[in-house]
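Visitor: mind folding the following:
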Amino acid sequence: MGSQARAGHDYQVMTHKYITPLVEHAGCVPLLVPTCCGLDDVEHYLDLADGLYLTGAGSNIDPALYGQSNLTPEKPQDLARDRVDLAMIKGALARGLPIFGICRGMQELNVALGGDLYQKVYCEEGMDDHREDGEASPDVQYGASHPVTLVAGSWLERLLGAPQIMVNSLHGQGIRRFGEGLAPLAHAEDGLVEAITMPSRSQFTLGVQWHPEWRARENPHSVRIFEAFGAACRQWLG
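Guide: This next block holds a predicted model:
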């Protein structure tokens with residue numbers, strides 16, 4: 001979700017592709033948290049939640065939050081989302097709530113825990129260009145792009161039942177240095193981190209750099225991920 005402006009009015013939006021698998025496969029009831037109201041009500045929203053779901057977005061995280069100057073001034077930012085989501089992550093971790101972050105959401109989890117990002121993965125030596133073709137149709141943009149290798153013996157490898165899966169790729173940024181307590185679950189062929197978790201915590205914590213929400217019902221790996229998040233939310237609820 002993210003804040004945008006249209007016809008002179010600010011608004012907040014979540015695309016259906018994020019909501020549908022959350023309902024169909026996770027069995028969850030989504031609650032959209034407004035970011036325009038600041039931090040006063042974060043704890044109240046967490047009181048209502050059985051899990052925290054952090055979606056992707058077209059905006060980048062403010063690099064000042066991880067100690068860097070902005071190398072992509074042409075890209076939109078959403079400072080209100082930055083403030084609220086980082087506070088939500090810290091509150092969810094304190095409560096033991098399950099957390100599932102997609103693309104920007106995975107990066108937010110890393111930044112919230114003190115990690116930082118490559119602002120331009122495509123400019124890093126030895127790294128591939130993970131961005132989508134902006135002129136292509138959504139079907140092409142979200143089509144399978146490259147394989148990721150799951151960390152051997154990890155819970156994600158067991159969940160997905162394969163050492164390697166094909167994923168889509170629609171991001172210009174990625175994890176550089178891990179936040180405290182985070183560890184990799186998957187890597188792209190160039191070594192870029194594609195999934196993360198917190199092995200020292202018992203709560204479900206997963207961030208993925210790809211977009212499993214896209215046509216999730218057609219992808220058994222996506223279905224398993226959303227099912228696992230939903231099961232973790234129900235387990236936390238007790």
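Visitor: spatially central residue in the chain, please.
Guide: Centroid check for the chain by Cα atoms, centre = their mean gives residue 102 as the closest residue, at 2.1 Å.
Visitor: ok, residue 53 - how many residues close by?
Guide: Neighbourhood size, residue 53 [other Cβ atoms under 10 Å]: 25. Bear in mind the C-beta positions are built from the backbone N, C-alpha and C, glycine included.
Visitor: hang on, the earlier thing: what about the nearest residue to the residue nearest to the centre of the chain once chain neighbours are set aside, how many neighbours?
Guide: Leaving aside its chain neighbours, residue 102 sits nearest to residue 56 (5.0 Å; criterion: Cβ to Cβ, 6 or more residues apart in numbering). As a burial measure, residue 56 scores 25 neighbours (other Cβ under 10 Å).
Visitor: my read: residue 56 touches residue 105, true?
Guide: Yes. Here residue 56 reaches residue 105: they are 6.4 Å apart, a contact under Cβ atoms under 8 Å.
Visitor: backbone dihedrals for residue 193, please?
Guide: Residue 193 has phi and psi values of phi -70, psi 130 when expressed as degrees, to the nearest 10.
Visitor: beta-bridge partners for it, please?
Guide: residue 187 (DSSP bridges).
Visitor: tell me how far it lies from residue 117.
Guide: 10 Å (Cβ to Cβ, to the nearest Å).
Visitor: residue 194 now?
Guide: Separation of residue 194 from residue 117 (Cβ to Cβ): 14 Å.
Visitor: so for the two, which residue has more residues nearby?
Guide: Taking neighbours as other Cβ under 10 Å, residue 194 and residue 117 compare with residue 194 leading, 28 against 20.
Visitor: so where do the helices sit in this structure?
Guide: Secondary structure of the chain by DSSP state H: the helices cover 16-24, 42-48, 79-95, 104-112, 138-141, 155-160, 220-237.
Visitor: and residue 73, which of the ones you listed is closest to it?
Guide: helix 79-95 (13.9 Å; Cβ to Cβ).
Visitor: list the buried residues in that closest one.
Guide: Within helix 79-95, the residues that count as buried by 16 or more other Cβ atoms under 10 Å are 80-89, 91-93.
Visitor: what mean pLDDT does it get?
Guide: What helix 79-95 shows for mean pLDDT is 97.
Visitor: CA atoms of stretch 216-223 as CSV?
Guide: Extracted in CSV, the C-alpha atoms of stretch 216-223 (Å, rounded to 0.1, in the frame of the first residue of the first chain):
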residue,chain,number,x,y,z
ALA,A,216,-1.0,-16.6,-6.7
ARG,A,217,-3.6,-19.3,-7.3
GLU,A,218,-1.7,-20.4,-10.4
ASN,A,219,1.6,-20.8,-8.5
PRO,A,220,1.8,-23.7,-5.9
HIS,A,221,4.8,-22.0,-4.3
SER,A,222,2.9,-18.8,-3.8
VAL,A,223,-0.1,-20.7,-2.4
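Visitor: residue 142: what's it in contact with?
Guide: Counting by Cβ atoms under 8 Å, 6 or more residues apart in numbering, residue 142 makes contact with 132, 168, 170, 211, 214, 215.
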